[in-house]
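K.L.:
This is a predicted model, with the sequence first.
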Amino acid sequence: MSEQPQDPGRDALQFDPGSAAWVTSELVARPPSRWSRLVLYGMALAVAGGVVAAARIEVPRRVSMTGRVSLEPAAVEARALSGGRVQEVVVSRGRRVARGEALVRLERDVGEEARARIQRLVRRPRPGAHELEADLAALEGRRDDLARAGLLSAVERVAAAARDREEADLQVALARLAEEADRNRQRFVVPAPIDGLVRRVDVRAGAIVPAGAPCATVAPPESAWTARVMSSEHAARVREGSAVRLTSDGLTAPVEGRVRACAREASSADLECVVTIPSPPEGLPDGAEVMAEVDAGRATLLSVISSRLAGPR
């Protein structure tokens, strides 16, 4: 048997024609498969260009919604009991008020003046004749105003009792006149109908308002708006209590709110959410269009990160 030629660079190996491989007593070195070559190439690229890593990342999932502002429960209008000229607008939009608190004052008519004079008379146990006559003369001199205010008959009773110098009758007449003056005064003050926030002021100082005209609107402290959105893959994830971020053309900054309730329309695929907004700011009037982003949980993404190895400095 003749010796087979040896590879000069493989002195420790022998060639076996039967196995078509270079063999030794300890190692068999076969040509790499296709997948092995791909793995080796990928490892080589990773070593040459950087380190490749994969990570799970959670990101917020939000649903975009559009809608209009509407108050719920409905706001209550404060109306003038008597017509007249607006003397003072006491409150502004957004102010918190208590039931009965003055929102608007109409011009102080003779009723307010009479009330002040009558209070002075009632406080004096025995009004002096000259002082009493002067006060009554000042009041009776404005008979037309007194008649318009509904106080003329009461003032006339006081004058008659004063002329007769009947002390008991005079005190009774003064007390009745004071009561009527108080009722008259209330007619020229527009009070808050409920506890809540002033959502709208309809009058300004100097304006003439007729009896029964709305002067302001007060809503409960927490108002709500309703937003409708077409169903999407994430709409079903919106839950009660989800955080909401509102924007509108009239707002200088976003407003935060919470989803109070959600319901899907029976006749369509729309999802309707009611979002509560504590202390609505300026620039968000009734009927305003709004855009909203509703928190719909979190989504998990797979992120592949490549970081190049630092070279020699």
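P.N.:
Yep, it's here.
K.L.:
If you drop the residues flanking it in sequence, what lies closest to residue 200?
P.N.:
Using Cβ to Cβ, 6 or more residues apart in numbering and skipping the chain neighbours, the partner closest in space to residue 200 is residue 217 (4.2 Å). Bear in mind the C-beta positions are built from the backbone N, C-alpha and C, glycine included.
K.L.:
what about that neighbour, distance to residue 61?
P.N.:
Applying Cβ to Cβ, to the nearest Å, the value for residue 217 to residue 61 is 38 Å.
K.L.:
more crowded one of these two?
P.N.:
Neighbours were counted for residue 217 and for residue 61 using other Cβ atoms under 10 Å; residue 217 has more, 22 against 16.
K.L.:
Look up which residues are beta-bridged to the more buried one.
P.N.:
residue 77, residue 200 (DSSP bridges).
K.L.:
check contacts around it.
P.N.:
Contacts for residue 217 (Cβ atoms under 8 Å, 6 or more residues apart in numbering) come out as 75-78, 198-200, 202.
K.L.:
If we use 7 Å, what do you get?
P.N.:
Each residue near residue 217 by Cβ atoms under 7 Å, 6 or more residues apart in numbering is listed here: 75, 77, 199-200.
K.L.:
likewise residue 64?
P.N.:
residue 293.
K.L.:
Make sure I have this right: it is in a helix.
P.N.:
No: counting by DSSP: H, G, I helix; E, B strand; the rest coil, one finds residue 64 to be strand, located in no helix.
K.L.:
and it, how far is that from residue 70?
P.N.:
19 Å.
K.L.:
Please name every helix or strand in contact with whichever strand or helix holds residue 256.
P.N.:
Counting by DSSP states H and E, the element that carries residue 256 is strand 255-264. Judged by 3 or more Cβ pairs under 7 Å, 6 or more residues apart in numbering; DSSP states H and E, strand 255-264 is in contact with strand 243-247, strand 270-278.
K.L.:
For residue 176, which of those strands is the nearest?
P.N.:
strand 270-278 (47.6 Å; Cβ to Cβ).
K.L.:
Now do the contacts for the closest residue to residue 219 other than its chain neighbours.
P.N.:
Closest residue to residue 219 apart from its sequence neighbours, by Cβ to Cβ, 6+ apart: residue 75 at 3.9 Å. Shown in contact with residue 75 (Cβ under 7 Å, 6+ apart): 199, 217-219.
K.L.:
What is the nearest of these to residue 172?
P.N.:
The nearest member of the contacts of residue 75 to residue 172, counting by Cβ to Cβ, is residue 218 at 39.1 Å.
K.L.:
Enumerate every residue touching the closest one.
P.N.:
With contact taken as Cβ under 7 Å, 6+ apart, residue 218 is in contact with 75-76, 78, 97, 192-194, 196-199.
K.L.:
can you put the helices and strands packed on strand 255-264 in JSON lines and add mean pLDDT?
P.N.:
Listed next are the helices and strands packed on strand 255-264 as JSON lines, based on pLDDT from 0 to 100:
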{"stretch": "strand 243-247", "mean pLDDT": "87"}
{"stretch": "strand 270-278", "mean pLDDT": "77"}
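K.L.:
what's the closest of those to residue 92?
P.N.:
strand 270-278 (18.5 Å).
K.L.:
on that earlier part again, quick check, nearest of the contacts of residue 75 to residue 285?
P.N.:
Using Cβ to Cβ, residue 199 comes nearest to residue 285 of the contacts of residue 75, at 7.8 Å.
K.L.:
the helices in the stretch 151-300 of the chain, which residues?
P.N.:
Ranges of helices within the stretch 151-300 of the chain are 152-164, 167-187, based on DSSP state H, counting those that start in this stretch.
K.L.:
rank those by mean pLDDT and give me the bottom one.
P.N.:
Mean pLDDT values for those show the minimum at helix 152-164, a mean of 64.
K.L.:
Would you mark the buried spots in stretch 241-261?
P.N.:
242, 244, 246, 248, 255, 257-260 (16 or more other Cβ atoms under 10 Å).
K.L.:
Pick out whichever of those residues sits closest to residue 297.
P.N.:
residue 242 (8.4 Å).
K.L.:
Same list (the buried residues of stretch 241-261) but as TSV, adding distance to residue 92.
P.N.:
Shown next, in TSV, are the buried residues of stretch 241-261 (distance: Cβ to Cβ, whole Å):
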residue	distance to residue 92
242	32
244	27
246	22
248	20
255	19
257	23
258	26
259	30
260	27
